[in-house]
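no sequence for this one, just the structure:
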C-alpha cells in the first residue's frame, strides 16, 4: 500500500498529465484556427487558456502545500521541485498556443498563412501536438526511452523552421511584410512550444536517471 | 545575530544579484555589438553565457541543498522556491542577450540594424539594461516601490516594440526580407528580456507582500 505522501505526489503527476492534454488540445485548435481562418476556434483557444492558468496555480499551490506539510528530503524533494518547473513549462506552452490563436484572430477573415506555407505550418502543428502527447506519456510512464523520441521530433521541428525561413527569403515572396512578420513569429512560437515539451521530458529523465540529458542542459530560452 | 539558515539564504540572494549584473552586462554588450557590427564583442557575449549558466546551476544546487538540509516551512520555503524561479528567469535573460549577439555575428561585417531603426534598437537596449539593473536593486533591497517602476519601463519597451513594427510595415522599407526577419526576432528578444525582468521583480513583491501584482499574474511566455 502506498502512503499518503506518494498518493499526493501522484495527484500532482496526474495534474501535469492533464495539463499536457489541455495544452495539446489548445495547440491543435490554434493550428486549425490559423489554417482555416476560423475566428470561433481561435477565440475558444484564447478563452481556454484561463483553464490552463488556473490548473497551473492549483498544481503549484498543491506542490507548495506538500513541501510545507511533509518536508520531503532528497529524491522526493527533487520530484516536487522538478514538478514545479514542469508545470511552468506547460503553462508557457499554453501561452504560445494562445499567441498563435491571436495571430489567427488578428488576420481574420484572411488567413495569416500564405498558400505555399500551409503544409509547413500544418506539419509544425502536427509535430507540436505529437511532442506534447509524448511528453504526457513520459510523465505518466516515466519512460526515458520515449523521451529520446521527443529529441527527434524536436529536430524535425527545427528543420521545418529552417524551411519556413527559406520560403520567406525566396525571391518570389509576394505576400508583403505583415505576412512575413506573422510567419517569423509563428515559426518562433511553434519552435519554442517544442523546446518546452522537450524540456518537460528531460526533467522526467533527470528524475528517473539522476542526470540531465546532455544535448541542452539548461532550460529553453523564453 | 543571524542564524546560519538566513546567512545561506542571503548568499542565494547575493548570487541572484550577481546574475542580474552579468545579464545586464551581456545585454549591454550585445546591443553595442549589434549596433556597431562588432564581432569580437558579439563573441564575448556568446562565450560569457557559460558563466551565467554555471552560476544558474550552482545557485540551483545551493537552493536544493538548503531545502534538503534545513527543511524550511511557510515563508522561508516560499523564498527558496521563488528564488529557484528567479534564477530560471535570469538564466533565460542571458540566453536572450546571447541570441541578440548571435544575430550580430551572423550579419557581420554588415550590421543587422538598418539606419532608421538604430535609435529604436538603442533605446530598447537601454531600457533592457535599466530594467535588469532595477530588478537587481529590487532583489537586493526587497523594494516593492522600485518594482512598480519596472512596469513603466516595460510599457516603454512595448511602445518601442510597436514602433519597430510600424517602421517595418512602412511602404518605404527597402532592406529586404532577411533584415525584416532579424528585426522581428530582435524585437521579440528585447521584449521577452524585459518581461522576464518584470517577472523577477514581481516575484520579489510577492515575497514581500504575499500577493502577486495583478497586471500579469502568470509567468511571461517563453
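Happy to help now that I have it. Computed from a predicted model, the values in this text were never measured in an experiment.

Tell me the residues of chain A that contact chain B?
With CB under 8 Å from any CB of the partner chain as the criterion, chain A meets chain B at residues A:53, A:56-57, A:64, A:67-68, A:71, A:73-74, A:77-78, A:81, A:84-85, A:88, A:91-92, A:95-96, A:99, A:165, A:168-169, A:173, A:177-178, A:180-181, A:184-185, A:188, A:192, A:196, A:217-222. (Glycine included, C-beta is placed from N, CA and C.)

Mark which of those residues are buried, thanks.
A:53, A:56, A:64, A:67, A:71, A:77-78, A:81, A:84-85, A:88, A:91-92, A:95-96, A:99, A:168, A:173, A:177, A:180-181, A:184-185, A:188, A:192, A:196, A:218-222 (16 or more other CB atoms under 10 Å in any protein chain shown).

Contact partners for residue A:37?
A:104, A:107-112 (CB atoms under 8 Å, 6 or more residues apart in numbering or on different chains).

who wins for neighbours among those residues?
residue A:104 (30 neighbours; other CB atoms under 10 Å in any protein chain shown).

Which pLDDT value belongs to that residue?
For residue A:104, the model assigns a pLDDT of 98.

now it: how far from chain B?
Here the criterion is CB to the nearest CB, to the nearest Å. By it, residue A:104 lies 16 Å from chain B.

so that residue makes contact with residue A:30?
Yes: assessed by CB atoms under 8 Å, residue A:104 is found in contact with residue A:30 at 7.0 Å.

Could I get the contacting residues of residue A:23?
By CB under 8 Å, 6+ apart, the contact list for residue A:23 reads A:52, A:90, A:93-94, A:97, A:132.

can I get these in CSV with secondary structure, pLDDT and neighbour count?
Shown next, in CSV, are the contacts of residue A:23 (DSSP: H, G, I helix; E, B strand; the rest coil; pLDDT from 0 to 100; neighbours: other CB atoms under 10 Å in any protein chain shown):
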residue, secondary structure, pLDDT, neighbour count
A:52, helix, 97, 23
A:90, helix, 97, 29
A:93, helix, 98, 33
A:94, helix, 98, 28
A:97, helix, 98, 32
A:132, helix, 96, 31
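
Break down chain A into its helices, ranges please.
A:4-36, A:39-70, A:74-107, A:118-141, A:144-169, A:176-209 (DSSP state H).

Same list, those, but as a markdown table with distance to residue B:118 please.
Formatted as a markdown table, these follow (distance: least, CB to CB, whole Å):
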| stretch | distance to residue B:118 |
| --- | --- |
| helix A:4-36 | 34 |
| helix A:39-70 | 36 |
| helix A:74-107 | 28 |
| helix A:118-141 | 33 |
| helix A:144-169 | 23 |
| helix A:176-209 | 19 |
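
was I right about residue A:132 contacting residue A:24?
Yes: here residue A:132 reaches residue A:24: they are 4.3 Å apart, a contact under CB under 8 Å.

residues near residue A:115, how many?
By other CB under 10 Å, neighbour count at residue A:115 equals 8.

And it, how far from residue B:134?
47 Å (CB to CB, to the nearest Å).

Could you do residue A:151 as well?
38 Å.

who's more crowded, these two?
Applying other CB under 10 Å to residue A:151 and residue B:134 shows that residue B:134 carries more neighbours, namely 22 against 16.

give me the number of residues near the residue lying closest to that one once chain neighbours are set aside?
Spatial nearest neighbour of residue B:134, excluding adjacent residues (CB to CB, 6 or more residues apart in numbering or on different chains): residue B:150 at 5.4 Å. For residue B:150, the count of nearby residues is 25 (other CB under 10 Å).

and residue B:150, what does it touch?
B:131, B:134-135, B:138, B:197-198, B:201.

Please give the number of neighbouring residues around the spatially closest residue to residue A:105 that is not a sequence neighbour.
Leaving aside its chain neighbours, residue A:105 sits nearest to residue A:42 (4.4 Å; criterion: CB to CB, 6+ apart). Look at residue A:42: counted by other CB under 10 Å, it has 26 neighbours.

and what of residue A:159?
12.

same deal with residue A:141?
Residue A:141: 12 neighbours (other CB under 10 Å).

Please report the distance of it from residue A:134.
10 Å.

which ones are touching residue A:28?
Counting by CB under 8 Å, 6+ apart, the residues that residue A:28 touches are A:125, A:129.

Model confidence at it, what's the number?
Confidence score, pLDDT, at residue A:28: 98.

Tell me the pLDDT of residue A:208.
On the pLDDT scale, residue A:208 gets 80.

unless I'm mixing things up, it is touching residue A:141, no?
No: if you go by CB under 8 Å, residue A:208 and residue A:141 don't touch, sitting 10.2 Å apart.

quick revisit: shared neighbours, residue A:104 and residue A:30?
With CB under 8 Å, 6+ apart, residue A:104 and residue A:30 have common neighbours residue A:42.

tell me the contacts of residue A:93?
A:23, A:27, A:132, A:193, A:196-197.

again, only using 6 Å
Contacts for residue A:93 were tallied using CB atoms under 6 Å, 6 or more residues apart in numbering or on different chains; they are A:23, A:193, A:196.

next one: residue A:121
Contacts for residue A:121 (CB under 6 Å, 6+ apart) come out as residue A:113.

now it: how far from residue B:91?
From residue A:121 to residue B:91 the distance is 30 Å (CB to CB).

so where is chain A shaky, pLDDT-wise?
Applying pLDDT under 70 to chain A picks out residues A:1-2, A:210-222.

Could you rerun that using 80?
A:1-2, A:71, A:73-74, A:142-144, A:209-222 (pLDDT under 80).

Nearest to chain B among the contacts of residue A:93?
residue A:196 (6.9 Å; CB to the nearest CB).

For the closest one, which non-adjacent residue is closest in space?
Residue A:196's closest residue in space is residue A:89 (CB to CB, 6+ apart), at 4.4 Å.

mind listing what the one you found touches?
A:196, A:199-200.

which residues touch residue A:12?
A:62-63, A:83.

again, but for residue A:67
Contacts of residue A:67 by CB under 6 Å, 6+ apart are A:80, B:77.

can you check residue A:103 too?
A:112, A:182.

and the gap between it and residue B:28?
In terms of CB to CB, residue A:103 sits 32 Å off from residue B:28.

got it, and residue A:43?
Residue A:43 is 41 Å from residue B:28, by CB to CB.

what do you get for residue A:158?
30 Å.

can you check residue A:6 too?
Distance from residue A:6 to residue B:28, by CB to CB: 48 Å.

Kindly report the same for residue A:204.
37 Å.
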